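Trainee: Quick check, what structure comes out for this input:
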Amino acid sequence: MLSLCFAVPTQALRSISLYGAAPMVKCLTKLRKPYLPHCDSNAFGYSAQFLLTGYQIPGHRGIEKTAIVLHPTSYLTEQEYKRLLRTVQKNASRYFKLRDTAVITMFLGMGLRLSELVGLNVGSVNSEDGTIKVSRKGNQEHILPVNEDVMISVQRYLKTRQETAFSSPLFLSKRNQRIDSGSVWYLVKKYLQQAQIEKDKLSPHTLRHTFATTFLKQGENILTIKELLSHRNLRTTERYLHINGEDLKTAVGRMDLTFR
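Mentor: Residues are numbered from 1 along each chain as shown. The predicted structure is shown next:
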């Protein structure tokens, strides 16, 4: 089934009140062919009329609304992400080793989005209270607690920096400018391949998935993970519940039904 949504402007609503919905429905039905070639024209027209007027043709269901399907995420096991960290230490150039280590460690230890990591400044890091201020979706700033290993890797990198003003970018490119998303995407992909990690759609987001999945497997509350990832919907966080047969077997085995 196909989900359909129209944003009807005020002017269009005035036209409907004056001339009826038929002209608007006809116009929308004509738009169907180039954009929705596999959609039945009658079903499209009935749905358009229902959305515009609230009246549904008897006996016709039109185009139904469907729930959004969230596919399982790809993540690294503990052995894989430790192998990734070792690969960075082994293969990174001397000039970029501390920077790249901090980037990979931050992805794994904080679950940041690519845009969030690229947007960090030196002033975002507060080593005294062990937090980093992150600008998230909607330009909302979140102060996140940081794993000790993450903070150590960031501090080691900052010691090599000549410019450490609060407003200067945290991660620099080889041209001493703010590193861009494409460069970070490339270096993460490069190290994942060098570590011989084979997963579907490897990217920086794979490391974000790894952060969430690792925390959940360690027994952390899913609501805590939701807040750390800044998810608006709990269903989005539930994608990281990679439950398999062994998990079910272990869970059932923990139940004690003895009455002695």
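Trainee: Report the buried residues of stretch 173-187.
Mentor: Counting neighbours by 16 or more other Cβ atoms under 10 Å, one finds that the buried residues in stretch 173-187 are R178, I179, V184, L187. Every residue, glycine included, has its C-beta placed from N, CA and C.
Trainee: Filter the residues you listed down to just the ones in helices.
Mentor: Among those, the subset assigned to helices under DSSP state H consists of V184, L187.
Trainee: farthest pair in the buried residues of stretch 173-187?
Mentor: By the measure Cβ to Cβ, R178 and L187 form the most distant pair in those, at 14.6 Å.
Trainee: any chance of the buried residues of stretch 173-187 in JSON lines, plus distance to S127 and pLDDT?
Mentor: Listed next are these as JSON lines, based on distance: Cβ to Cβ, whole Å; pLDDT from 0 to 100:
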{"residue": "R178", "distance to S127": "21", "pLDDT": "97"}
{"residue": "I179", "distance to S127": "21", "pLDDT": "97"}
{"residue": "V184", "distance to S127": "22", "pLDDT": "97"}
{"residue": "L187", "distance to S127": "24", "pLDDT": "95"}
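Trainee: Among the buried residues of stretch 173-187, which one lies nearest to T101?
Mentor: Looking at those and their distance to T101, the nearest is L187, at 11.0 Å (Cβ to Cβ).
Trainee: Now do the closest one against A92, distance only.
Mentor: Distance of L187 to A92, computed by Cβ to Cβ, to the nearest Å: 9 Å.
Trainee: same deal with T206?
Mentor: Taking Cβ to Cβ, one finds T206 at 19 Å from A92.
Trainee: Of these two, which one has the most company?
Mentor: The residue with the greater number of neighbours, taking T206 and A92 and applying other Cβ atoms under 10 Å, is T206; the counts read 23 against 19.
Trainee: quick one: pLDDT of T210?
Mentor: Confidence per residue is given as pLDDT, and for T210 that number is 89.
Trainee: secondary structure element for it?
Mentor: Element membership of T210, judged by DSSP states H and E, is helix 204-217.
Trainee: same for that helix, what does it pack against?
Mentor: Packing contacts for helix 204-217, counted by 3 or more Cβ pairs under 8 Å, 6 or more residues apart in numbering; DSSP states H and E, involve helix 78-91, helix 97-110, helix 114-118, helix 181-194, helix 222-229.
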